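>>> let me see the structure of the following:
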Amino acid sequence: MKKIMTINGMNCAHCAAKVEQALSDVPGVKKAKVDLKKAQSKVKYDETQVTDDMLIKAVTDAGYTGQFRA
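All right, here's what the predicted structure looks like:
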């Protein structure tokens, strides 16, 4: 499954890398790519292993806020 998440609080490339790493570290995530200019991430993951809440928690634990687009 692929989803786009809006990420708030990123100000620099280091922030984007930190969020990308946090999402990539969630077991079941196949790929995470963060776009600093668009303030969003694209996440590809196994929906049998990963929930939206797990991804949001990873972003929150990294110090940012995230939400999925409707």
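>>> just the element for the residue nearest the centre of the chain, please.
Centroid-nearest residue in the chain, with Cα atoms, centre = their mean: Leu23, separated by 4.7 Å. Taking DSSP states H and E as the definition, one finds Leu23 inside helix 13-24.
>>> what about stretch 24-36, distance to the chain center?
6 Å (Cα atoms, centre = their mean, to the nearest Å).
>>> again with stretch 21-32
Centre to centre, stretch against its chain (Cα atoms, centre = their mean), the figure for stretch 21-32 is 8 Å.
>>> what sits up against it?
Outside of stretch 21-32, the residues within contact range by Cβ atoms under 8 Å, 6 or more residues apart in numbering are 20, 34, 41-46, 48-50, 54-55, 58-59, 61-62. Yep, even glycine has a C-beta here, placed from its N, CA and C like the rest.
>>> ok, and the closest non-adjacent residue to the residue of the chain positioned farthest from its centre?
The C-alpha centroid of the chain is most remote from Thr48, which lies 17.4 Å away (Cα atoms, centre = their mean). Nearest residue to Thr48, sequence neighbours excluded (Cβ to Cβ, 6 or more residues apart in numbering): Gly28, at 7.6 Å.
>>> number of residues surrounding that neighbour?
Gly28: 13 surrounding residues under other Cβ atoms under 10 Å.
>>> also Gly63?
Gly63 - counted by other Cβ under 10 Å - has 12 other residues nearby.
>>> may I have the secondary structure class of Gln10?
Not quite, residue 10 is Met, not Gln. coil (DSSP: H, G, I helix; E, B strand; the rest coil).
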